[in-house]
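In: Generate a structure from the sequence data that follows.
(3 chains)
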Amino acid sequence: MKDTPLARSKIARSEQVNGWLFVMPALALLGIFLVYPILWSLWISLQVGKGSNLHFGGFANIIRLFGDRVFLHALTNTCIFFVVQVPIMIVLALIFAVMLNDSKLWGRGFYRTAIFLPCVTSLVAYSALFRSMFEADGVVNNALLALHLIAEPIQWLTDPVWAKVMIILAITWRWTGYNMIFYLAALQNIDQSIYEAARIDGIPARARFLRLTVPLLKPVILFTSIISTIGTLQLFDEVNNITQGGPGDATLTLSLYIYNLTFQFMPSFGYSATVSYVIVAMVAVLSFLQFMVAREKS
Amino acid sequence: MIPAGKLANRALVHAILAAASFASIFPFYWMVVGATNTSADVIRGKTSFGANLIANIENLLAQVDVGRVFLNSAGLAVVGTVLTLLISSMAGYGFEMFRSHVREKVFALLLLLLSIPFAALMVPLFVMVSSAGLANTFIAVLLPSLASIFIIFYFRQATKAFPSELRDAARIDGLKEWQIFLYVYMPSMRSTYAAATIIVFMLSWNNFLWPLIVLQTPEHKTITLVISALTSAYTPDFGVILVATILATLPTLILFFVLQRQFVAGMLGSVK
Amino acid sequence: MRKFSTALGSAIGCLLVGSGMIASASATELTVWCWDPDFNVPAMQEAAARYNKLHPDVKITIDNIAQNDIKQKLQTQLLAKVTDGLPDIVLIQDDNAQRFLQAFPGAFEPLSDAIDMKKFAPYKVAAATFEGKSYSVPFDSGVTGLFYRTDYLEAAGYKPADLEDITWDQLIKIGTDVKAKTGHDFFDLDFSEAGVVRAMMQSAGKWFLTPDGQPDILDNAPLKAALDTYSKLWKAGIVKPVSGWSAYTGAFTSGEVAAVVSGAWMTGTIKANADQSGKWAIAPLPKLDGVDGATHYSNWGGSSWYVFSSAKEKATAIDFLNTVWANDVDFYQGILVKQGAISSLLAARDGDAYKAVDPFFGGAPVWENFAKWLGQVPAVDYGTFTQEVNSAIQEQLPAIAKGGSVDEALKAINDRVEQQVQ
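Out: Here you go, the predicted structure:
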């Protein structure tokens, strides 16, 4: 291809056209099925009233947020879950993925399927089981007592702090294998010869992991951490099914609160839409930070 | 001769993976055991196999048109997965390979939209679908999920590992852009597609809230709707519920089992 | 008499048909949403079958949808103002009804003009009355009882007569003795379920509201007494803490704890354990101590049928409810025996099935007792903020159980409710 200004601008234009062609079907669908509902919900978030008796309230819902003790409680709980749980899960998933990527590891098909299992195990079954395992006289306490790790049974379900710990264990259990899949897939795209070279140069395994694997997986790590952030900020299934937000709102999350505001309490759609946009605002800030961190390192 | 240090390392890896596998499998095992017991035994926490499996299956069949429900779920999930993968992977590829300032801004906006809880969008979406005459149709279930921001984002991130030399070579060979996508990109991203297939299929199969709102008649029910209805009894029959949940779990599990072979290191060789 | 009322019901039905309110000449289709495949679904199927004997041209489809799912479907569609997908008849739990009636005015059809509401237990009708009109045909009653293990009580030296006409303080004393003698906790309680507090409160004729519909927390003597009693139960050390419905029911059905306070609908869950036949009895609820108007009767749960004003076959739906649910005493005998559904139709109590004795409960006439109690349940206005107050109470339950002050809890509940109710 001749490198003339004309040819270059022709290429640039075809790049533009092709770029739009590839993204157009998706953007068209999103435009129809996302933009209108979002505008509607933004409009609704300015309305106050019960059920279908809505009227314009301006910023009344935003003002209500600041006086709402339950909202602040739910916000705090959600932040605790996010700060503690997401890093643990991401690191675990990465470690499992790297271990299972070793082609000489015996039985890795089994391990891989096993660790993936939790995210397909039905919510009904696993929440019932988690509750019974974590009862005061359940398997978990009995095991810990037998190992002399604790002196008396932990009140997993009825103590506000331990209930949070249990929810974190439950989410980590369910979603680590899910995140691992993304890493396993991404590891396939890494050129094995880089590792061979590093191994020949005598670089130890831990350094290979930190200096080669992690940087090479960075786009996917960024992806999973943003997805997990959104997932945890929207946490609903586990708390609704295992603790119902209890004991005494100790595990109430923003999503569960939105659900209650909409479907359990006197329906106030305007206010629940406002709380939804708090989640959006938090995700916006956190994703921005995550992108910044990712950019700085490179 | 394997050095002792390496051997200890191996043992440690196996110990960690075995422990994680056990913790992961146990609830699944419990689910399978529960399906063979009576509801009372499940509540009592019995952990050995019982003799009630046939009765539970019969009970489920008496209450639910399992074949129909399964077909509905499978149809939705298969069609939804294929179309979502195609539309969303194209968009992810487009965003990463053809850079422009406008599209970068659009992409950043998409990420933000991804985080809006679905509950906030349900009512207007329902108004739209019904005024288009699509309420109570499978098309209405599928349409809003075909362009998945989540999957677009995933493909965009994964595409960063796709070597641009491959594309350049294809261009020199005279391939059109869509041919490059179809014949060069798609085959070399097999593991990414495998992971995305598993995830999209699972999300689609487990989709609950939107089908619940849109689908009105019993003939249209999916398996997640049916399970939800089973669990709401004042005295839930856990034996029956667990049979239904196993049925609901199997398709994703089988799909994972088949596709995980795409994750084998070095099978494709690295893209050179 | 029974035949006469049935005939009357169908005559009204014919009148409606004749007056042209039902336009279609072809088969009429009714859709009903309800949620329990072992309880209200088969009861509705039975009702449909009986109606079909009189009107073979009406096809009634009963769709089993989870209760929470019904709420989501209803609210989304009512808010979207798209009613095509709504059924003709829907089942709604009583303490949720006012919320729907007020949030979606005009969505439900008033039934008190077409159906004589005096035939039903007054407290059930009150739950669905809004601005002078009643909107539901009452279904099952959640009249409460104290279900207990006679063998455990006997081991501690108590006979069934010792549990009749007592107060909560006396019951706690009995519970303490049972625990000392048998080692079994008396109750199990879940912090995510304040039902027992609500039941105690209603037994003294009170709910969370003042007569003009405002939250009534701080000066609500029955509520305070109920929370005090809750606190005493924990202080006595006779409660096993549990979490979740299956653990809750598991504790008393497995014999781990001795008793449970619940609505009559719990009978089926308890009887599912056939090996415990003869070891159970049911007493009326204890009275709250030191509260004016305290009774032994209360309610927990229970639901009613509502008709949508947008329903295509509204007249047929009303006729169906009137013919079977408001008149057919025989029908109620059947669903009592098969589903354990206690009728809110007062006349049904005179039927044969209600006289039967149950060997599972030591040969006691349990249904007759429940039916007797149900006529005396104090009617209360559930209002619209039950769930808000309920969640505020649940938030305080762990602190009260740990020995925290009830007055402080009441204050915290009040603060939260005042903030939420706006």
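In: Which parts of the chain are strands?
Out: In the absence of a named chain, this looks at chain A. A:47-50, A:53-56 (DSSP state E).
In: wait, chain C
Out: Going by DSSP E, chain C shows strands at C:28-34, C:58-64, C:89-93, C:129-130, C:133-134, C:136-149, C:187-190, C:239-242, C:259-263, C:280-283, C:299-307.
In: mind checking which of these is nearest chain A?
Out: Nearest to chain A, of all the strands of chain C, is strand C:239-242, at 4.6 Å by Cβ to the nearest Cβ. No exception for glycine: its C-beta is placed from N, CA and C like everyone else's.
In: I'd like the average pLDDT over the closest one.
Out: The pLDDT scores in strand C:239-242 average 92.
In: mind listing what it pairs with, with the direction of each?
Out: Note on strand C:239-242: by DSSP bridges, its sheet partners are strand C:187-190 (parallel).
In: closest point of the stretch 101-250 of chain C to chain A, which residue?
Out: Counting by Cβ to the nearest Cβ, the stretch 101-250 of chain C gets nearest to chain A through C:Ala103 (2.4 Å).
In: which intervals of the chain have sub-threshold pLDDT?
Out: Since no chain was named, I'll use chain A. Scanning chain A for pLDDT under 70 picks out A:1-8, A:296-298.
In: nope, chain C
Out: Low-confidence segments of chain C, defined by pLDDT under 70: C:1-26, C:422.
In: picking that back up, can the strands of chain C go into CSV with extra columns for mean neighbour count?
Out: Output for the strands of chain C, formatted as CSV (neighbours: other Cβ atoms under 10 Å in any protein chain shown):
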stretch, mean neighbour count
strand C:28-34, 22
strand C:58-64, 19
strand C:89-93, 24
strand C:129-130, 18
strand C:133-134, 18
strand C:136-149, 27
strand C:187-190, 23
strand C:239-242, 22
strand C:259-263, 23
strand C:280-283, 23
strand C:299-307, 25
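In: Any chance of TSV for those strands, columns distance to A:Leu147?
Out: Shown next, in TSV, are those (distance: least, Cβ to Cβ, whole Å):
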stretch	distance to A:Leu147
strand C:28-34	49
strand C:58-64	46
strand C:89-93	45
strand C:129-130	59
strand C:133-134	61
strand C:136-149	35
strand C:187-190	28
strand C:239-242	24
strand C:259-263	35
strand C:280-283	40
strand C:299-307	42
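In: So for B:Tyr234, which of those sits nearest?
Out: Among the strands of chain C, the nearest to B:Tyr234 by Cβ to Cβ is strand C:299-307 (8.0 Å).
In: Return the list of strands paired to the closest one, each annotated with direction.
Out: Sheet pairing of strand C:299-307 (DSSP bridges) gives strand C:89-93 (antiparallel), strand C:136-149 (antiparallel).
In: What residues does C:Ala27 make contact with?
Out: By Cβ atoms under 8 Å, 6 or more residues apart in numbering or on different chains, the contact set of C:Ala27 is C:57-59.
In: of those, closest to chain B?
Out: C:Lys59 (13.0 Å).
In: Quick check: that closest one touching C:Ala49?
Out: No: C:Lys59 lies out of contact with C:Ala49 (Cβ atoms under 8 Å); the separation is 11.9 Å.
In: How many residues are close by A:Asp102?
Out: Around A:Asp102 there are 12 other residues, counting by other Cβ atoms under 10 Å in any protein chain shown.
In: Identify the residues contacting the closest residue to chain B within the stretch 101-250 of chain C.
Out: Residue nearest to chain B within the stretch 101-250 of chain C: C:Gly250 (4.2 Å; Cβ to the nearest Cβ). Residues near C:Gly250 by Cβ under 8 Å, 6+ apart: B:43-45, C:242, C:256.
In: Burial check on B:Val33, number of neighbours?
Out: Other residues close to B:Val33 by other Cβ under 10 Å number 17.
In: Does chain A have contacts with whichever helix or strand it is part of?
Out: Assigning secondary structure by DSSP states H and E places B:Val33 in helix B:4-34. Yes: Helix B:4-34 comes into contact with chain A (Cβ under 8 Å from any Cβ of the partner chain), by way of B:9, B:13-14, B:16-18, B:20-21, B:23-25, B:27-28, B:30-31, B:34.
In: so can I have a markdown table of the contacts of C:Ala27 showing distance to C:Ser391?
Out: Below are the contacts of C:Ala27 laid out as a markdown table (distance: Cβ to Cβ, whole Å):
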| residue | distance to C:Ser391 |
| --- | --- |
| C:Asp57 | 47 |
| C:Val58 | 41 |
| C:Lys59 | 41 |
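In: out of those, who's nearest A:Arg108?
Out: Nearest to A:Arg108 among these, counting by Cβ to Cβ, is C:Lys59 at 56.8 Å.
In: Leaving out chain neighbours, which residue sits closest to the closest one?
Out: If you skip the residues right next to it in sequence, C:Lys59 has C:Glu29 as its closest partner in space, 4.8 Å away by Cβ to Cβ, 6 or more residues apart in numbering or on different chains.
In: So that neighbour versus A:Asp249, what's the distance?
Out: Per Cβ to Cβ, to the nearest Å, C:Glu29 is found 45 Å from A:Asp249.
In: Over to C:Thr323?
Out: According to Cβ to Cβ, C:Thr323 and A:Asp249 sit 47 Å apart.
In: Indicate which one of the strands of chain C is closest to B:Thr197.
Out: With Cβ to Cβ as the criterion, B:Thr197 lies closest to strand C:58-64 of the strands of chain C, at 32.8 Å.
In: ok, for the residue of the stretch 51-200 of chain A found nearest chain C, nearest residue in space, not its chain neighbours?
Out: Going by Cβ to the nearest Cβ, chain C is nearest to A:Gly51 of the stretch 51-200 of chain A, at 2.4 Å. Spatial nearest neighbour of A:Gly51, chain neighbours left out: C:Ala103 (2.4 Å); criterion: Cβ to Cβ, 6+ apart.
In: Same check on A:Ile203?
Out: Excluding its sequence neighbours, the residue lying closest to A:Ile203 (Cβ to Cβ, 6+ apart) is A:Arg211, at 7.5 Å.
In: and the one you found, how many neighbours does it have?
Out: Using other Cβ under 10 Å, A:Arg211 has 12 other residues around it.
In: Between the contacts of C:Ala27, which sits nearest A:Ala186?
Out: Nearest to A:Ala186 among the contacts of C:Ala27, counting by Cβ to Cβ, is C:Lys59 at 55.6 Å.
In: Quick one: residues contacting the closest one.
Out: For C:Lys59, the contacting residues are C:27-30, by Cβ under 8 Å, 6+ apart.
In: still on that earlier bit, now a PyMOL select for only the buried ones of the contacts of C:Gly250.
Out: Command for PyMOL, covering only those of the contacts of C:Gly250 found buried under the criterion 16 or more other Cβ atoms under 10 Å in any protein chain shown:
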select buried, (chain B and resi 43+44+45) or (chain C and resi 242)
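In: Just flag the most distant two among the contacts of C:Gly250.
Out: The span of those, defined through Cβ to Cβ, is set by B:Arg44 and C:Val242 at 13.5 Å.
In: and the stretch 151-298 of chain A, which residues reach chain C?
Out: Residues of the stretch 151-298 of chain A lying close to chain C (Cβ under 8 Å from any Cβ) are A:155, A:157-158, A:160, A:242-250, A:260, A:262-267, A:269.
In: and with 10 Å instead?
Out: A:155-160, A:163, A:166, A:240-250, A:252, A:257, A:259-269, A:271 (Cβ under 10 Å from any Cβ of the partner chain).
In: and the gap between the residue nearest in space to the middle of chain A and A:Thr172?
Out: Geometric centre of chain A, nearest residue: A:Ser228, 1.9 Å, by Cα atoms, centre = their mean. Here A:Ser228 is placed at a distance of 10 Å from A:Thr172 (Cβ to Cβ).
In: Please, which helix or strand holds the most centrally placed residue in chain B?
Out: Centroid-nearest residue in chain B, with Cα atoms, centre = their mean: B:Met202, separated by 1.9 Å. Using DSSP H and E, B:Met202 maps to helix B:190-206.
In: which ones are touching the nearest residue to the residue nearest to the centre of chain A once chain neighbours are set aside?
Out: Once flanking residues are discounted, A:Ser228 sits nearest to A:Val86: 4.9 Å by Cβ to Cβ, 6+ apart. Contacts here follow Cβ atoms under 10 Å, 6 or more residues apart in numbering or on different chains; on that basis A:Val86 touches A:171-172, A:175, A:179, A:224-229, A:231-233, A:286.
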